[in-house]
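In: Prediction below, plus the sequence it came from.
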Amino acid sequence: MALNPMLRTLQVLPAAWLCAVAMAADRYGCEAPIRVAYTRNLVFFHDDGGIDFDLIAELARRSGCQFEATVRPREDIWRMLESGDLEMGTSGVATPQRRTFTYLLPYVYLRNKLIVPAELGQLSSLDDFHDMPGARIGVIAGYRHGPSIDAMLRTLKGEGRVVEFHDDATRFTALLNGNVEGVIGHELNLEGAVTDRRERARFRVVDVMSGPATPHHLMLSRKRFTPAQSAEWLRLIETLWLDGSLARIIRRNTSSVMATELLDSGYRYGSTDRGW
């Protein structure tokens with residue numbers, strides 16, 4: 001007996017949908033929900049919102065993958081990505097060791113800076129901070145800031161002058177209370193942690209980075225994803241760059257001035273740099 005055309009269509013639609021789901025699972029490695037973790041950070045994730053939250057939502061929409069999200073300290077995220085107990089993280093900074101157990105896909109660029117009380121004087125570099133006897137600096141445990149800043153932090157740590165915190169809130173509380181004399185961060189961290197403009201005026205933000213901004217990455221565990229699947233995620237992020245979606249996400253979560261900075265790698269090419 002011939003089927004009504006409408007019934008034939010209804011039979012085909014579920015089959016097509018299942019086929020699309022299977023293709024997405026193979027393409028992106030999401031045959032099961034992807035466990036992703038955020039770290040509370042006044043730039044990227046806060047109060048169940050922020051750049052990273054919106055990025056994952058857009059990746060879920062475009063890939064068809066499901067995500068299970070948690071909030072964890074930065075050092076726990078890296079440990080769990082290595083063990084395979086977590087499949088994805090956000091806003092991570094690359095190191096050679098981290099590349100051995102994750103695929104790192106850049107999507108935003110940050111110039112980490114030195115934030116100090118204004119009364120400390122005209123500091124212009126981390127060397128100036130180092131030369132202040134006993135001055136302590138607050139950092140997020142497990143966070144990396146780029147080669148030049150991390151090199152000085154290793155020196156300060158060897159002198160017992162680095163204090164580690166699990167989140168921005170406790171770190172900036174320590175700065176406000178004088179328990180540390182400086183922190184490595186960004187204007188956005190300061191604005192989010194110190195909401196009173198008069199209180200913020202007590203501090204200076206000093207650009208101490210040499211060279212381009214530090215890329216921040218989507219982190220994919222090698223225990224879950226194949227090289228081909230990581231390439232598909234990278235292609236998806238590049239699509240967000242090209243169609244303006246990533247810029248819209250960032251501008252939705254910060255000012256236009258800050259968005260321009262976060263989208264700028266800092267690299268500048270002349271004609272000879274590209275072999276022309």
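Out: Arrived safely, thanks for sending.
In: Please write out the alpha-carbon positions of the host helix or strand of residue 148 in CSV.
Out: If you go by DSSP states H and E, residue 148 is part of helix 147-158. Extracted as CSV, the C-alpha positions of helix 147-158 are listed here (Å, rounded to 0.1, in the frame of the first residue of the first chain):
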residue,chain,number,x,y,z
PRO,A,147,56.7,34.1,29.2
SER,A,148,58.0,37.5,30.3
ILE,A,149,55.7,37.9,33.3
ASP,A,150,56.0,34.2,34.4
ALA,A,151,59.8,34.5,34.3
MET,A,152,59.7,37.3,36.9
LEU,A,153,57.1,35.5,39.0
ARG,A,154,59.4,32.5,39.2
THR,A,155,62.1,34.8,40.6
LEU,A,156,59.6,36.3,43.1
LYS,A,157,58.3,32.9,44.1
GLY,A,158,61.9,31.7,44.8
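In: Could you check how far it is from the centre of its chain?
Out: Centroid separation for helix 147-158 versus its chain: 21 Å, with CA atoms, centre = their mean, to the nearest Å.
In: Which positions within it qualify as buried?
Out: Across helix 147-158, burial judged by 16 or more other CB atoms under 10 Å covers 148, 149, 150, 152, 153, 156. Placement of C-beta: from N, CA and C, glycine included.
In: now stretch 72-81
Out: 72, 73, 74, 76, 77, 78, 80, 81.
In: Pull the most distant pair out of those.
Out: Pairwise distances across these (CB to CB) peak at 13.0 Å, for the pair 73 and 81.
In: so how far is residue 202 from residue 115?
Out: Plainly put, residue 115 is 11 Å away from residue 202 if you go by CB to CB, to the nearest Å.
In: Between the two, which has more neighbouring residues?
Out: residue 115 (25 against 14; other CB atoms under 10 Å).
In: hang on, the more buried one in a helix?
Out: No - using DSSP: H, G, I helix; E, B strand; the rest coil, the assignment for residue 115 is strand, not a helix.
In: Just the pLDDT for the closest residue to residue 212 other than its chain neighbours.
Out: Leaving aside its sequence neighbours, residue 212 sits nearest to residue 266 (CB to CB, 6 or more residues apart in numbering; 3.3 Å). Note on residue 266: pLDDT of 70.
In: host element of the residue nearest to residue 104 when sequence neighbours are not counted?
Out: In this structure, residue 104 finds its nearest non-sequential neighbour in residue 217, 4.0 Å apart by CB to CB, 6+ apart. Here residue 217 sits within strand 214-221, counting by DSSP H and E.
In: All the helices of the stretch 1-150 of the chain, residue numbers only.
Out: Secondary structure of the stretch 1-150 of the chain, counting by DSSP state H, counting those that start in this stretch: helices at 5-28, 51-63, 74-83, 96-99, 126-130, 147-158.
In: quick one, which of those helices is nearest to residue 229?
Out: Per CB to CB, nearest to residue 229 of the helices of the stretch 1-150 of the chain: helix 5-28, 5.9 Å.
In: Point out where the protein drops to low pLDDT.
Out: Applying pLDDT under 70 to the chain flags the ranges 1-24, 267-276.
In: Which residue ranges make up the domains of it?
Out: Listed domain ranges for the chain are 32-109+214-266, 113-206 (source: automatic domain parsing).
In: Quickly list what the closest residue to residue 118 other than its chain neighbours is bridged to.
Out: Ranked by CB to CB, 6+ apart and with sequence neighbours excluded, the top spatial neighbour of residue 118 is residue 204, at 5.1 Å. Beta bridges link residue 204 to residue 116 when assigned by DSSP bridges.
In: Please apply the same query to residue 89.
Out: residue 37, residue 219.
In: quick one: contacts for residue 53?
Out: 38, 45 (CB atoms under 8 Å, 6 or more residues apart in numbering).
In: Likewise for residue 199?
Out: residue 176.
In: same deal with residue 52?
Out: 38, 44, 45, 90, 91.
In: Go through these and say which is closest to residue 236.
Out: residue 90 (14.3 Å).
In: Apart from its neighbours in sequence, what residue is nearest that closest one?
Out: In space, residue 90 is closest to residue 52, 4.0 Å off (CB to CB, 6+ apart).
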